[in-house]
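1. Quick one, fold the following:
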Amino acid sequence: MTRREDWEARFAAVVERHSRLPFTWGQSNCVYLAADVVEAITGEDPCPDQRGCADERDYLRRLAAQGHDDIGDAFAARLPEIPPAFARRGDVGVIDVDGRDAGVVVIGAEVIGKDRDGRMLRVARSQMVRAFKVG
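-> Predicted coordinates:
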């Protein structure tokens with residue numbers, strides 16, 4: 001996967017779109033935010049089999065059917081894993097939120113994700129437990 005020339009504009013558009021959408025399993029959550037960023041930057045969807053989930057149970061069932069324990073494993077199947085300290089703008093990662101993995105996107109010294117209340121979650125990049133190179 002390589003980054004498109006206009007990846008920055010595509011990246012910003014995805015983040016803006018997700019910031020306006022409510023949290024929904026089938027449209028906008030931490031997984032879709034990260035996957036949509038990867039697709040915008042590279043043109044390739046890293047998690048096509050997680051699209052259209054009805055709820056959390058459906059999402060977890062799909063992950064397990066593919067042999068993945070969590071979103072980090074799903075990303076690792078398609079993206080090169082890197083140390084979180086080396087992640088740069090546009091890369092994706094995983095943070096722990098109350099014992100659950102959540103997908104995030106690197107925006108600089110911080111990462112953003114989507115919480116279950118629909119708000120954009122913003123935390124220090126140092127909170128990532130796994131990171132993956134995008135392009």
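2. Let's check: the centremost residue of the protein is which one?
-> In the chain, the residue lying closest to the centroid (CA atoms, centre = their mean) is Ala34, at 2.1 Å.
3. right, and that residue touches Gly103 too?
-> Yes: assessed by CB atoms under 8 Å, Ala34 is found in contact with Gly103 at 3.7 Å. Where C-beta positions appear, they are placed from N, C-alpha and C, glycine not excepted.
4. Let me see the contact set for Lys114.
-> 18, 23, 28-30, 32-33, 102, 120-121 (CB atoms under 8 Å, 6 or more residues apart in numbering).
5. Buried ones only from the residues you listed, please, as a PyMOL command.
-> Selection of buried members from the contacts of Lys114 for PyMOL, criterion 16 or more other CB atoms under 10 Å:
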select buried, resi 18+23+28+29+30+32+33+102+121
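6. So which of the contacts of Lys114 are in helices?
-> Cross-referencing those against helices under DSSP state H gives 18, 30, 32-33.
7. Quick check: neighbours shared by Ala34 and Gly103?
-> With CB under 8 Å, 6+ apart, Ala34 and Gly103 have common neighbours 71, 75, 92-93, 113.
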